[in-house]
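Asks: pasting a predicted model and its sequence here:
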There are 2 protein chains.
Amino acid sequence: MNQSGHIADLLGKQGYRLTPQRLMVVSAIENSDDHISAEEIYSQVVARYPNVNISTVYRTLELLKRLSLVTETDLEGGRVRYHPADKGHHHHLVCQECGAIIDLDESLLEPLQDALLREHNFIADLRHLAIHGRCVRCGR
Amino acid sequence: MNQSGHIADLLGKQGYRLTPQRLMVVSAIENSDDHISAEEIYSQVVARYPNVNISTVYRTLELLKRLSLVTETDLEGGRVRYHPADKGHHHHLVCQECGAIIDLDESLLEPLQDALLREHNFIADLRHLAIHGRCVRCGR
DNA sequence: GTTGTAAATGCAAGTGCTTGCATTTATATT
DNA sequence: AATATAAATGCAAGCACTTGCATTTACAAC
Ligand SMILES: [Zn+2]
Ligand SMILES: [Zn+2]
Ligand SMILES: [Zn+2]
Ligand SMILES: [Zn+2]
């Protein structure tokens, strides 16, 4: 799972063009150990391909989200962050006061996901959630 | 609970100035039957107070959020929507494909909120959540 | 009622992200 | 290899929202 080239292969198989811009965006996401922002992806790509435009980065991210290949999560800090969908399933608690981030196991939201499917016929996308609130130190 | 003037009273008691702009933003939110956007609030206010600036609307919303007097929810459609915090507790399921919105009872997230407090000492703000995904008709 | 003050506002510029449109290009077909 | 074509890109403008700063103003103190 998630060997290098995984996402690019899937894009190709589904008929999407493997442009250099796309391949570089994909590899920035796959090679990041962490949650990467659009701006960070852009600066990696532009270093090797100087006339790429940031709108191409955003459009590629949009495509990857639509195909469920990456997840987008709001970890605060004014920009959203991206992560390969099949790598390290988990969630986060984000303190709105101090920015602290607590990691959560994916199992915590499974009961909710099941209940929403069963009781409301809704396929909730709870693959990489950020739950906002206050940590114990900032508690209200 | 939530009689007219409720929010304004609380602002006054906490030492915030009751400017005409603030009072009008507050009353737009309190008198809305639904989830209201910043733009909608602004156009109500500007109709009676023509030189108000939209940044004042946003700053007032920021204050009301911080004081837990209103909740902010992303119901899709490119702009976030606001609701009095003490009025009609509930959540939403939002279909990313067709935009359908299913209303949920607040009780659905109580077990999660309790578990996060107990197991992670985290006070999750789950007062008015939008859970994104696909409705049964758009199901993947 | 005047005066003093910090708080709030208006304005303009900035940020993150999106979109319409003309141009370029990956890929299929010959 | 040359050609055709829809898909993808670059560019510039636009949108929702934020921010720094100078000006105004609600409210308290006299
Ligand atoms: Zn994560
Ligand atoms: Zn905190
Ligand atoms: Zn609601
Ligand atoms: Zn749907």
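Replies: Cool, the structure landed. Ligands and ions are numbered 1, 2, ... in the order given.

Asks: excluding chain neighbours, what is closest to residue A:134?
Replies: Nearest residue to residue A:134, sequence neighbours excluded (Cβ to Cβ, 6 or more residues apart in numbering or on different chains): residue B:123, at 4.5 Å. The C-beta positions use only the backbone N, C-alpha and C, and glycine is treated the same way.

Asks: which ones are touching that neighbour?
Replies: A:133, A:134, A:135, A:136, A:139, A:140, B:117 (Cβ atoms under 8 Å, 6 or more residues apart in numbering or on different chains).

Asks: again, only this time at 7 Å
Replies: By Cβ atoms under 7 Å, 6 or more residues apart in numbering or on different chains, the residues touching residue B:123 are A:133, A:134, A:139, A:140, B:117.

Asks: what does chain A put close to DNA strand D?
Replies: Within chain A, the positions adjacent to DNA strand D are A:16-17, A:19, A:21-22, A:49, A:51-53, A:55-56, A:59-60, A:78 by Cβ under 7 Å from any atom of the strand.

Asks: recalculate using a threshold of 6 Å.
Replies: Contacts of chain A with DNA strand D, taken as Cβ under 6 Å from any atom of the strand, map to A:16, A:17, A:19, A:21, A:22, A:51, A:52, A:53, A:55, A:56, A:59, A:60.

Asks: how about these in TSV, adding neighbour count and pLDDT?
Replies: Converted to TSV, the residues of chain A next to DNA strand D look like this (neighbours: other Cβ atoms under 10 Å in any protein chain shown; pLDDT from 0 to 100):
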residue	neighbour count	pLDDT
A:16	15	98
A:17	8	98
A:19	13	98
A:21	18	98
A:22	22	98
A:51	6	92
A:52	18	97
A:53	12	98
A:55	9	98
A:56	17	98
A:59	14	98
A:60	25	98
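
Asks: quick one: stretch A:48-64 near chain B?
Replies: No: Stretch A:48-64 lies out of reach of chain B by Cβ under 7 Å from any Cβ of the partner chain, never closer than 11.8 Å.

Asks: and that stretch with DNA strand C, contact?
Replies: Yes: interface with DNA strand C: stretch A:48-64 contributes A:54, A:55, A:58, A:59 (Cβ under 6 Å from any atom of the strand).

Asks: which members of these additionally contact ligand 4?
Replies: With Cβ under 5 Å from the ion as the criterion, the residues of stretch A:48-64 next to DNA strand C include none near ligand 4.

Asks: low-confidence stretches in chain A?
Replies: A:1-5, A:140 (pLDDT under 70).

Asks: which SS class is the residue in it that DNA strand C sits nearest to?
Replies: Closest to DNA strand C within chain A is residue A:55: 3.2 Å, counting by Cβ to the nearest atom of the strand. With DSSP: H, G, I helix; E, B strand; the rest coil as the basis, residue A:55 sits in helix.

Asks: look up how far ligand 4 lies from it.
Replies: 27 Å (Cβ to the ion, to the nearest Å).

Asks: do you know how far that residue is from chain B?
Replies: 17 Å (Cβ to the nearest Cβ, to the nearest Å).

Asks: now residue A:77. Its backbone dihedrals?
Replies: With angles defined as degrees, to the nearest 10, residue A:77 sits at phi 100, psi 10.

Asks: ditto for residue A:133
Replies: When read as degrees, to the nearest 10, the backbone of residue A:133 gives phi 170, psi -150.

Asks: tally of neighbours for it?
Replies: For residue A:133, the tally of surrounding residues (other Cβ atoms under 10 Å in any protein chain shown) stands at 22.

Asks: that one bridge partners, please.
Replies: residue A:95, residue B:124 (DSSP bridges).

Asks: quick one, what contacts it?
Replies: A:93, A:95, A:96, B:122, B:123, B:124, B:125.

Asks: what about ligand 2: which of the residues you listed touch it?
Replies: residue A:95.

Asks: put together TSV for the contacts of residue A:133, with distance to residue B:68 on each row.
Replies: Putting those into TSV (distance: Cβ to Cβ, whole Å) gives the following:
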residue	distance to residue B:68
A:93	18
A:95	15
A:96	11
B:122	16
B:123	11
B:124	13
B:125	8
